[in-house]
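Student: Build the 3D model from these lines:
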Amino acid sequence: MPAAPPPRPGAASTDARRPAANPWFVDLRELGRRAGSMQEIERTLPAPADWRVELIGVPEGAEVRLRLRLESVMEGVLVSGEVDVPVAGSCARCLEPIEDTLELDVQELFAYEGSTTEATSEEDEVRRVEGEHIDLEPMVRDLVVLSLPLAPTCTEDCAGLCVDCGQRLDDLPADHTHEQLDPRWAGLAGRFASAPGTPAADNPEEN
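Tutor: Okay, here's the model as predicted:
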């Protein structure tokens, strides 16, 4: 039996570059270009890094759930459906940890090369079909990041932190206060507190 022919030079690297190697790529050959053709996909993919704003974002590797419908139209492929993604961060008022799930709707046209939409749109105004596939990652990343709050809160009425002791106000009693000393007398009060014969000076353990 003759031996199998050796692989062509560069074959392995070519396979690695195929769209199927990227889970965010969708092969369009099954959908075709006949207007009205439809395809539904459901995927759970790991979130890339840097899907975040300053105080909140998607943990790297977290599960991003996609439930999408692809429809072939005259100008390209219309993608619509839902995206569910977990987010984590810190409250902008009290710095407590926050965990939540965003449930987002998406509808985006990927234009065919040479279509009227592609020809009349700026580079950053429209997404494009790339050969026989589309890349969902930039679309989902933009959808998620633009939905993240710039000042997230653990609750809508979070009271924040006490400016004097730094404790979370929602965890303190309603009558929580601190004695306010007139700054003009602060130096004099310090002298009296350290003078011999005063309770503070005689009992340093109580300071």
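Student: Quickly note the distance from Leu146 to Glu156.
Tutor: Separation of Leu146 from Glu156 (CB to CB, to the nearest Å): 21 Å. For every residue, glycine as well, the C-beta is placed using N, CA and C.
Student: more crowded one of these two?
Tutor: A side-by-side neighbour count of Leu146 and Glu156, using other CB atoms under 10 Å, places Leu146 first with 9 against 5.
Student: Would you list the phi and psi of the closest residue to Ser72 other than its chain neighbours?
Tutor: Nearest residue to Ser72 in three dimensions, chain neighbours excluded: Ser37, at 4.2 Å (CB to CB, 6 or more residues apart in numbering). Backbone geometry at Ser37, expressed as degrees, to the nearest 10, gives phi -60, psi 140.
Student: need the longest helix for this protein.
Tutor: For the chain, the helix with the greatest residue count under DSSP state H is helix 137-147.
Student: Buried residues of it, list them for me.
Tutor: Neighbour-count burial for helix 137-147, counted by 16 or more other CB atoms under 10 Å, picks out Glu137, Met139, Val140, Arg141, Leu143, Val144.
Student: For it, list the C-alpha coordinates in PDB.
Tutor: Presented in PDB, the C-alpha positions along helix 137-147 are these (Å, rounded to 0.1, in the frame of the first residue of the first chain):
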ATOM      1  CA  GLU A 137     -16.500  39.600  18.400                       C
ATOM      2  CA  PRO A 138     -16.200  43.300  17.500                       C
ATOM      3  CA  MET A 139     -20.000  43.600  17.300                       C
ATOM      4  CA  VAL A 140     -20.600  42.000  20.700                       C
ATOM      5  CA  ARG A 141     -17.700  43.900  22.300                       C
ATOM      6  CA  ASP A 142     -19.100  47.300  21.200                       C
ATOM      7  CA  LEU A 143     -22.600  46.300  22.300                       C
ATOM      8  CA  VAL A 144     -21.400  45.300  25.700                       C
ATOM      9  CA  VAL A 145     -18.900  48.100  26.400                       C
ATOM     10  CA  LEU A 146     -21.400  50.800  25.300                       C
ATOM     11  CA  SER A 147     -24.000  49.300  27.700                       C
END
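Student: Name the surrounding residues that touch that helix.
Tutor: 22, 24, 48, 51-53, 57-58, 64, 66, 79, 83, 85, 102, 104, 106, 108, 127 (CB atoms under 8 Å, 6 or more residues apart in numbering).
Student: So among these, which ones count as buried?
Tutor: The buried subset of the contacts of helix 137-147 (16+ other CB under 10 Å) comprises 24, 51-52, 57-58, 64, 66, 79, 83, 85, 106, 108, 127.
Student: Go through those and flag which are in strands.
Tutor: Gly57, Val64, Leu66, Val79, Val83, Val85, Val106, Glu108, Arg127 (DSSP state E).
Student: Could you find the closest non-adjacent residue to the fifth one?
Tutor: Using CB to CB, 6+ apart and skipping residues adjacent in sequence, the residue nearest Val83 is Leu104, 4.7 Å away.
Student: swap in the first one?
Tutor: Nearest non-adjacent residue to Gly57, counting by CB to CB, 6+ apart: Trp51, 5.6 Å away.
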